[in-house]
Structure formats: structure tokens, C-alpha cells
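Chemist: Need a 3D model of the following:
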Amino acid sequence: MKKNISILGSTGSIGRQTLEIVSAFPSSFRVVGIAAKDEVDLIVEQIKKYNPALVSVATDAVKAKVEEKLGAVKISILIGEEGLRAVAVAKEVELLVVAVPGALTLVPVLEAIRAGKSIALATKEVLVTAGKIFMEEVKAAKIKVFPIDSEHSAIAQCLVGEKPEKVKKIILTASGGPFLKTPLEKLSKMTAKEALAHPTWKMGPKITIDSATLMNKGFEVIEAHHLFGLDFSKIEVVVHPQSVIHSLVEFVDGSVKAQLGAPDMRVPIQYALFGMERSPNLWERLDLVKVGTMNFLKPDKEKFPCLEFAYAAGRRGGTMPAVLNAANEEAVKLFLKGKIGYLDIAVKIREKMDKHQIVADPTLENILEADRWAREAV
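Modeler: Coordinates of the predicted model:
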């Protein structure tokens, strides 16, 4: 029997790879809805190939272009947050794939949880900005969350069959990004093009910049805190340039479990779509002899201050992670447009964190207001 899925972010890197898996296992999945921004040709292609019942796009102008290209093909196309919500909570949906970068999907995802949909989560900002609320809703609705991030998927795999109280710490691995070996004094001159040249992963522009600054890893630290219920003192980051070990768990007896695999996001996506059941690998496989050597380094806190900002925001809690996320998102946009330098990303984030008045036990509205404040301030 086919599993009915909807995808928020169908034209992004994770969304496209999710649809590759749907194509590879046509008897296992049916696409009920897709939500995308403004990639008209790709949206039309996905509609024709996967025949979803619902589609969401960013604006009326995008909708008009899509409808024009579809011609005689009739389909329900909605707009903006209303469209995201409709795709997320559609009655037939059993599993919602969340792969839109940024905090835009927060409200639709919470509504999907309340509607009893299981979540395959790639969007970091949902847990970063509202992790406590998200996990409370998950518990109340008794639904399952399947992490898509390779690191959190790795941790989840290492914890299968283990008792939570036997975990000493988890270790998230980071590739180090394109500037791992770049001297600090040269970072101020790095361009967006150089920052987007990730050495091992093919990702969207926003997450690729976050990888360059290590903010991506900082977000994953906050996510891991919520997903696995661990204090920040039990979450460690090591730089592993080969991106072969996706993360590790150390137990109280000194044993360490690691999950290894080729740096291919289709593997953890497939694992999530199948509900953490293993299915045949149709993608790249790991060749240890070809890898040869694996290295591990401590993150350079001076070169990559964003990682420490994330730890600090996570420990302080409340609305601070929402400010961290929003300030970072807007600063990255400015950098990609060439309006600020690479090092200015961290400067702007720190400025807004220093100025923010934390709400310690926030409502969703408090979080959204902190998000708005930080964006406007940046």
C-alpha cells in the first residue's frame, strides 16, 4: 500500500531528491501535495510527473505562469502560507516532508502535527526557533518525527536498541566547509561564490553559506538537544572533512557507535520516508578503501564564531534561538547579494543577540515577534 506524502520545498535540493526516491520506489509512495516558491518550469514538470492533488506557490504571478504552462492540465494551486498549510494538512497526507529553508514553515508544520501527520524533518529552523513547542506538540499528538539531516539520522540510527540513560554524549560531525583551511586574515575577502563551493555536499545556497560559517552545525546542536533530549554539555562537534562518518554516540562504558555512508542525502531521506526501515540502496555506496584516510579536528572558534553563538543561544533558550536564526537568515541574504562581507554575517548576528530582551517561556506569538524584530533589525 502506498504511503501518501506531501513535500514543503519540492523544488529545493532535499525536495528534488525526495522525488527521486518516490520515482525509484513507485509502489511505495504517492505524492499528494507539493509546495514550492517560484521555479515555474520545475514546478510544472513535477506536476505533470507526480500528479499531486494540491500545489502551493509563492505568489499570484507565479500561479498564473504555472497555469499558463500547464495548459489543459487542471489542478488546485494555492498561494503563500495558506498554500503551505493546505499542502501540510491535506486529509490524505500521512507523512509531511519539511524542506523549506527558513522559519516560513513553522506554523504550517505545527498545524500538520496537530492534524496527526508524521514529519520527515529537514528544515532546521523549525526546531531551532520553536523546539520546545514543537516537541510538546509532537508528544501531545503522538506522531513520529523522522530526521532527514544526515547527522541526526546517524544519531537516531546509533540509538536504535539503546537506553537513553546509557548515553554519555553525542558527537556531530562537520565537514568544515569551504574555508576550513583558509587563514583567518583572508576570510574578510571571501566572496559568495567561494563560500558556495562546498567540498563534499550539494545543497541550496542558504544552507551552503551556513555550512561555511558553521552556523549550520550550530543549528544542528540545538536540534539535537530537542530531538534527543540531551543537555548541551552532552553534545559535541568535531570537524571531519571527508564527510563519511555522519555522527557518533558515546556510551557510559566508553563504547562509541558511528554511522558511516557515502555523502549522499538520498540515503537519510530514504531512511526517513520508509519510517526508519532499511530499503535497497540505489545510490552511491561507501568504499572505505577509496576513502583511505579519515581526519578529525576541533572546530576553530576564532574562525567560526557562529558555532559558539548557537551554543549560547541554545543554553539561554526562550526567544534567543529565534533571534539567532532570523538574524542569520537575513545576514546570509545580504551576503549573497554582495551587500555585506563574509565576516559581517557573524557581526550582525552577535549585535542582535546582545540587544535582544529574552522571553524565557515564550508562546508561539512571542517567537514569531522575536523573529520579526531580528529580521527588521538586520
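
Chemist: Now for Pro351: which residues touch it?
Modeler: Actually, residue 351 is Glu rather than Pro. 327, 377 (CB atoms under 8 Å, 6 or more residues apart in numbering). In this view, the C-beta of every residue, glycine as well, is placed from N, C-alpha and C.

Chemist: Doesn't it lie inside a helix?
Modeler: Yes. With DSSP: H, G, I helix; E, B strand; the rest coil as the criterion, Glu351 is assigned to a helix.

Chemist: Next one, pLDDT for it please.
Modeler: According to the prediction, Glu351 has pLDDT 98.

Chemist: Tell me the spacing between it and Leu334.
Modeler: Distance of Glu351 to Leu334, computed by CB to CB, to the nearest Å: 13 Å.

Chemist: Please report phi then psi for the residue of the chain most remote from its centre.
Modeler: Residue distances from the centre of the chain (CA atoms, centre = their mean) peak at Ala72, which lies 35.9 Å from the mean C-alpha position. For Ala72, the backbone dihedrals (degrees, to the nearest 10) come out as phi -80, psi -10.

Chemist: And Thr59, by the same measure?
Modeler: phi -140, psi 170.

Chemist: okay, it: pLDDT?
Modeler: For Thr59, the model assigns a pLDDT of 96.

Chemist: Hmm, it is touching Leu78, no?
Modeler: No. At 11.3 Å, Thr59 does not count as touching Leu78 under the criterion of CB atoms under 8 Å.

Chemist: Run a quick neighbour tally on Lys144.
Modeler: The number of residues packed around Lys144, counting by other CB atoms under 10 Å, is 14.

Chemist: For the remainder of this discussion, apply numbering that starts at 295.
Modeler: Understood, numbering begins at 295; the last thing we discussed is Lys438.

Chemist: Skip the chain neighbours and tell me the closest residue to it.
Modeler: Closest residue in space to Lys438, ignoring its immediate chain neighbours: Ser412 at 4.7 Å, by CB to CB, 6 or more residues apart in numbering.

Chemist: Provide a list of residues in contact with the one you found.
Modeler: With contact taken as CB under 8 Å, 6+ apart, Ser412 is in contact with 388-390, 437-440, 569.

Chemist: again, but for Val420
Modeler: Listed by CB under 8 Å, 6+ apart, the contact set of Val420 reads 392, 397, 399-400, 403, 428.

Chemist: Give me the distance between it and Glu623.
Modeler: With distances taken as CB to CB, Val420 is found 13 Å from Glu623.

Chemist: Between the two, which contacts overlap?
Modeler: With CB under 8 Å, 6+ apart as the test, Val420 and Glu623 both reach Ala397.

Chemist: so Met614 sits right up against Gln651, yeah?
Modeler: No. The criterion here is CB under 8 Å, and Met614 misses it with Gln651 at 9.9 Å.

Chemist: Counting neighbours, go ahead and name the busier of these two.
Modeler: Using other CB under 10 Å, the more surrounded residue of Met614 and Gln651 is Met614, with 24 against 10.

Chemist: Out of the contacts of Ser412, which sit inside strands?
Modeler: 389-390, 439-440 (DSSP state E).

Chemist: Adding distance to Glu376, neighbour count and pLDDT as columns, could you present these in a markdown table?
Modeler: Shown next, in a markdown table, are these (distance: CB to CB, whole Å; neighbours: other CB atoms under 10 Å; pLDDT from 0 to 100):
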| residue | distance to Glu376 | neighbour count | pLDDT |
| --- | --- | --- | --- |
| Leu389 | 21 | 23 | 98 |
| Leu390 | 16 | 28 | 98 |
| Val439 | 24 | 20 | 98 |
| Phe440 | 26 | 21 | 98 |
